[in-house]
Every structure is written in C-alpha cells, then in structure tokens.
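A.B. asks: give me coordinates for this.
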Amino acid sequence: MSGTLDHVMMRVEDLDESLDWYKTHFGYEEVGRWEADTFTNVYLQAPDAHEDGAFLELTYNHDGRTYDFGDAWGHVAVRVRDVYDAYDQLLDEGVSDYRDPDSCGGSYAFVTDPDGHEIELVERDHGAKWSLDHTMLRIEDADEAIGWYTRKLDYDLFRREEFEDFALYFLKPGDAPDEAMSVELTYNYDGRTYDFGDAWGHVAVRADDLQAYWATLMGRHAEDYRDPESCDNKYAFTKDCDGHEIELVER
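C.D. replies: Sure, this is the predicted structure:
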C-alpha cells in the first residue's frame, strides 16, 4: 500500500506544441515516454522536484481526434513563491492573460495551456517552482466523496475551505510529504451534476505492490474497472464514487 499521487493525465491535440509550452514556461523536463502504435504518453516534471513529487502525463492519440472538456475535472495547480511575479513572468513570455491575481483575491491565478487545460498558480513555501501541488475534481456528494478517499485510499483530510456557495476539501496520504501532490475535491451547493468529457484522463496513485493494493481495494468494495490482469499486470484502474478514473501504478 502506498497511495501517494503519482501523476495526472491530460490529453493533448498537438504533442510538440504542448511539450514546447510546458518546457518553455515551466522548465519541465521529459522524464519518460511510451510510444505505442496508436498513442504516445510523455511524462514531465519540474526540475529539482521532490522524490515524492507528481508527474504530468500528456497523452497524444495519433488519430487526430479533438477533445471535449466537460466540467467534472477542474484544473491542476503548480507551486510558485510569489503569484504576481510568476503570473507576470508567464505573460512576458507570451502566455495569454486568463485570470490574474487581482481577480482571484491576490492569492492565486490561472493560465491555460495550448489545449485549454486550466492551470492554477498557488503560493507555497515548499516544493520546487512549477511543481504539481494538487489536481481538482468536482464531486456531487461531499460526504460520500470524502468517505471514498479516506476509506478506500487511506487519505487524510488535511485542509478544508467552506464558502457561501461551495466548499473545497484537500486530501492525500497522512504520511505523504508536503511536496507530494494532493487531490482537491470541489463541492458546489447547488446540486449540479457534471459531464466528464475526454480532455482529462485520470489521476494515478503509487502502489508498493500492485496485486496487494488491488486486493485491498477490492476488499473495500472499490469498483473493479480494469484489473491488473487486463492491463498485463503493469497497472490497474478503479473509479471513485463520482466516476473519476484512478490508476494504480507500481513504483
């Protein structure tokens, strides 16, 4: 059992353009690549990232398809020391003005990558600059979703923010370092439902032993979505209670 978040996957329409964007603006380094007949996966990470830091996985399908974002997935967040300096730097480099710090109360900001994935800039005093801080998922029942992550994955709820119209809940394993990525669950109080689209893929958690982790999840009645055998015993997939795909990868 481990549960530390390993990566978040997003689909892109032009791999070269996306790689250039992340390498130019965030200084990301390519740390892995999987070339298959019909798709390519590329793994990126910030320089000097912590050993338990998460990766960004870009998936490029070779058939030229386009993607729909839906609204069940929100954004990924990257760490900066000063959100104003970081936002100004990106604009100076030609990144489009999307949501500046002033429009976000001065404590965070947003940009979008070439495909339109939203990327939040958050001020942190830990972790490498531009390293992944969290990934945001929208949920329909906060109690059920928090229960899923705490019971199935042994996550701890380490921060919550309650507002008039919505609430945010941040979770990750209790023994994970500050530099590890967390999951942010966003619950809107108006009872809305969500569409998944296909521009976002999954989040992945690390398993010390894939078969043992899978057996534990099945014992906790997690969804049997794609078991290890169906994935050549290299990885597996379950889904959370809202339908977000969760990959298990052995590290």
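A.B. asks: ok but residue 204 is inside a strand, no?
C.D. replies: Yes: per DSSP: H, G, I helix; E, B strand; the rest coil, residue 204 lies within a strand segment.
A.B. asks: number of residues surrounding it?
C.D. replies: Other residues lying near residue 204 total 23 when counted by other CB atoms under 10 Å. Yep, even glycine has a C-beta here, placed from its N, CA and C like the rest.
A.B. asks: show me where this protein has its helices.
C.D. replies: Counting by DSSP state H, one finds helices in the chain at the ranges 15-26, 83-92, 142-152, 210-219.
A.B. asks: who touches the first one?
C.D. replies: Outside helix 15-26, the residues that touch it by CB atoms under 8 Å, 6 or more residues apart in numbering are 12, 28-30, 40, 42, 44, 46, 56, 58, 60, 78, 90, 93, 95, 113-115, 130.
A.B. asks: buried among the residues you listed? Need that as a selection in PyMOL.
C.D. replies: In PyMOL, a selection of the buried entries from the contacts of helix 15-26 looks like this (16 or more other CB atoms under 10 Å):
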select buried, resi 12+28+42+44+46+56+58+60+78+90+95+113+114+115+130
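A.B. asks: which ones among the contacts of helix 15-26 lie within strands?
C.D. replies: Of the contacts of helix 15-26, the ones assigned to strands by DSSP state E are 12, 29, 30, 40, 42, 44, 56, 58, 60, 78.
A.B. asks: which among those residues gets closest to residue 198?
C.D. replies: residue 12 (11.9 Å; CB to CB).
A.B. asks: any low-confidence regions in the stretch 1-150 of the chain?
C.D. replies: Along the stretch 1-150 of the chain, segments meeting pLDDT under 70 span 1.
A.B. asks: same thing but at 90, please
C.D. replies: 1-2 (pLDDT under 90).
A.B. asks: can you count the residues close to residue 103?
C.D. replies: 12.
A.B. asks: which residue is the nearest non-sequential neighbour of it?
C.D. replies: residue 109 (7.9 Å; CB to CB, 6 or more residues apart in numbering).
A.B. asks: cool, residue 203 as well?
C.D. replies: In space, residue 203 comes closest to residue 8 once its chain neighbours are excluded; the distance is 5.0 Å by CB to CB, 6+ apart.
A.B. asks: got a list of what that neighbour touches?
C.D. replies: 54, 56, 57, 76, 132, 135, 181, 202, 203, 204.
A.B. asks: for the residue nearest to the first one when sequence neighbours are not counted, give me the pLDDT.
C.D. replies: Taking CB to CB, 6+ apart as the measure, residue 54 lies nearest to residue 181, with 3.7 Å between them; neighbours along the chain are not counted. Looking at residue 181, its pLDDT is 98.
A.B. asks: for residue 181, grab phi and psi.
C.D. replies: The phi/psi pair for residue 181 (degrees, to the nearest 10) reads phi -70, psi 150.
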